Each structure stands twice: as C-alpha cells, then as structure tokens.
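A.B. asks: sequence and predicted structure, then a few things I'm wondering about:
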Amino acid sequence: MNIRDIARISGVGVSTVSRVLNNHPDVKESTRENVLRVIKESNYVPNNSARILKQNNTKNIGVLVKGVFNPFFSELINVIGNKINENKYTMILQQNDYVLEHEVENIISFVKEKRLQGIICLGGNFIDLDEDSFKNIDVPVILTSVNTVSPSGRDKYSTVGINNLQSAYDATDYLIKKGHKNIALMIGEENDFCVSWWRYKGYIKALKDNNIEPNDENLIIGDYDSNIAYKVTLDFLKKRKDITAIFAISDIMAMGVAKAVIDSGLIVGKDISIVGFDGMNISRYYNPGITTIKQPMEEMAIKSVEILFDLLKNKCENQHVLLDTELIERESCADLN
C-alpha cells in the first residue's frame, strides 16, 4: 500500500492525498475526511521524509511526548536531547497531546515512519500492554515518567520513573501529620489511568492508614494546567469552607491553586495549605514557596538515554528503574497541631 493506492481508492489525485497528509488547508473537508478514512481502513503509515526512506541505516532516536507544554517534560527533553547528541545520534521530537488512546499504535507508527533506532516516551497512558504490544518493532522502547498498570510484557520494554504511589502517600501523610484531615486532591486528567491513578491511590492509602475516611467530593481535576486549576479551585473553595489543605499532583497546577486561594481572600500557608509535585523552580520562587515532592528530573533523563543505548549495544536486557523522590518543605503548609 502506497500513496498512489490511497489516491486510487479515494478517487482523488496523488497531490490531494499529499496535501491531506501534510495538513494543508486547501482541501475540501469532505475530501479530507474521505482520504483519512481510507488511510485508516488501509492501515497505511505515511512516511513524510523521502530522505529517511533512502537511508539504509538512520541514526534517529524518537522522543514522543504526552504533555509537550508541561515545563517538567521540557526540562527532560533538554537533557535527553543533549545526551542523544553526545552519542552522535539525532533526536526527532513528536508530540502526542491530542490523542487520547492508541498509545502503542502511535509508537509503532512513529518508529516505522521515521525509521527510528529507538524511542523514549514521556508520559502517556499505557494500560493494556502485553506480550504482543511491541512485537511489530524491534527497537528499544523506553517509557519514562509513565506508570503502566500492565503486569505482562515487561521484558519487551523498559521504564524509568518514580514510585508515584509512595510519593503521593508521603505528601498526604505530611499534611496529616501537620493536623490536616480535610485534604483535597487535584489530579491531572480524568481519564489518566497512570500517573494520576497511582498518585490518587497513594493519597487514599495515606488517608486510610491515618483513619480518615476518603471523600470523593474532595477530588478536583486540574488538567495539568494552571489556568484550569485556578478556575476549578475558585469554584471548589466557594462550596467547601471545611477544606484546610490541597495536594496538587503537579507544581503547574499548584500555582493555579495558590492564586485561587489568594483571590478567594484566603492566605496560603495559613487558611489553606498547599503541596505540589515535581520540584520545579517555579514552586521555589512562588511567594510563599510551595512545599513539593521533588522528582530527580536530570537523573531520570540521563538514565533513560543510558538504558536505550545499552540496549542498542546489546549490553543489557530491558530494565524497570524506580528513582527516589524527596519532599521539599517550604512555607505553604500550616501546622494545625
């Protein structure tokens, strides 16, 4: 199946298919939909680079990002790119922000289209991995800052991350030990069954271990966005005068929460305590400084690249690495004791 076949089946010219593939605006919407339908039904994987096709052996490493606008991933990408360059390879960056499912299919398409020698995935929901997930590609796959809930097929890919459950437990337990019982949790996306799910589980476990009954009404969705976090927190605080603390599972959302607390006429670190997650500089320089769980960003990035190139050189098997986090205490939390 090639572009001429797609054109023939769609009843259009090759140039029209090319314009659809390259997202040109000068294509009728009905024609675009028809061509995209044929492409999907034919399982056609377009190759946007003739130069890559002509090469017998590329030196390209792909980085597929779910959350490319997240400053946390931006810092990881910077380190990863430098390390790939040091190894005389080229990083090809592709965002995956607008696809809610089919994560594995996106990896396979990316690898084949760009003839990648390996791929690092930052973020994403990999909830249905099994022994056959990556059978159609034979390059190293590294899932970084991803917690998959799939127990099978773990010899087919590597992971680098943190213990999200334990880290969220530590953050929640820290607030409880400061006398807080009515603690709200702000997660990222509603359908995030990886990072948000594990941090939610850690939050619930800490409550139960301290004999505090979890309340579903204390769950807020901030969509990993400061503006959305700000708006939903404003609404939440109007209804819930009993809340004394909010644990936001990213520093980006914690900034929005803090702004909403202030604009509600309350004081951060006195009326409402806030804990964030990631350990980004923005949380340090906010006033007051936001207590946060610090992730080892640089170590995470370096380890991902090291494993990838060790796999390329047949120096190791697939690995699953958990790195330590650290609770950084600042001025955003009141001690109610």
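C.D. replies: Arrived safely, thanks for sending.
A.B. asks: quick check: chain neighbours aside, which residue is closest to Pro71?
C.D. replies: In space, and not counting its chain neighbours, Pro71 is closest to Met280: 6.1 Å by CB to CB, 6 or more residues apart in numbering. C-beta: built from backbone N, CA, C; applies to glycine.
A.B. asks: where do the helices sit along this protein?
C.D. replies: In the chain, the segments counted as helices under DSSP state H are 3-10, 14-21, 29-41, 50-54, 71-86, 103-114, 164-177, 195-209, 226-239, 251-263, 281-285, 297-312.
A.B. asks: list the buried residues in the third one.
C.D. replies: In other words, helix 29-41. Thr31, Arg32, Asn34, Val35, Val38, Ile39 (16 or more other CB atoms under 10 Å).
A.B. asks: so who does the residue nearest to the second one when sequence neighbours are not counted touch?
C.D. replies: Of all residues beyond its chain neighbours, the one nearest Arg32 is Val20 (5.4 Å), with distances taken as CB to CB, 6+ apart. Residues in contact with Val20, defined by CB atoms under 8 Å, 6 or more residues apart in numbering, are Val27, Thr31, Arg32, Val35, Leu36.
A.B. asks: circling back to that earlier point, kindly provide the distance from the residue nearest to Pro71 to Ala245.
C.D. replies: 20 Å (CB to CB, to the nearest Å).
A.B. asks: the residue found closest to Asp242 once you drop the neighbours it is linked to in the chain - how many residues pack around it?
C.D. replies: Distances taken as CB to CB, 6+ apart put Asn182 closest to Asp242, at 5.0 Å, once the chain neighbours are dropped. Other residues lying near Asn182 total 14 when counted by other CB atoms under 10 Å.
A.B. asks: shouldn't Asn182 be in contact with Phe247?
C.D. replies: No - checked against CB atoms under 8 Å, the pair Asn182 and Phe247 is beyond contact range at 11.7 Å.
A.B. asks: give me the residue at the spatial middle of this protein.
C.D. replies: Gly123 (2.7 Å; CA atoms, centre = their mean).
A.B. asks: where in the stretch 101-250 of the chain is pLDDT low?
C.D. replies: By pLDDT under 70, the low-scoring segments of the stretch 101-250 of the chain are 101-102, 148-152, 193.
A.B. asks: how about Phe309, what does it touch?
C.D. replies: Counted by CB under 8 Å, 6+ apart, Phe309 has contacts Asn87, Gly118.
A.B. asks: can you pull the pLDDT of it?
C.D. replies: The model reports Phe309 with a pLDDT of 96.
A.B. asks: same check, this time on the one 4 residues further on
C.D. replies: Looking at Lys313, its pLDDT reads 92.
A.B. asks: please apply the same query to Gln55.
C.D. replies: Confidence at Gln55, expressed as pLDDT, is 44.
A.B. asks: what of Phe72?
C.D. replies: Looking at Phe72, its pLDDT is 87.
A.B. asks: ok, now Asp251?
C.D. replies: Per-residue confidence at Asp251 stands at 96 (pLDDT).
A.B. asks: how much space between it and Val195?
C.D. replies: Distance from Asp251 to Val195, by CB to CB: 14 Å.
A.B. asks: same question, Asn85
C.D. replies: Taking CB to CB as the measure, Asn85 falls 28 Å from Val195.
A.B. asks: the more surrounded of the two?
C.D. replies: Counted by other CB under 10 Å, Asn85 and Val195 do not tie: Val195 has more neighbours, with 27 against 12.
A.B. asks: right, I'll call it a day here.
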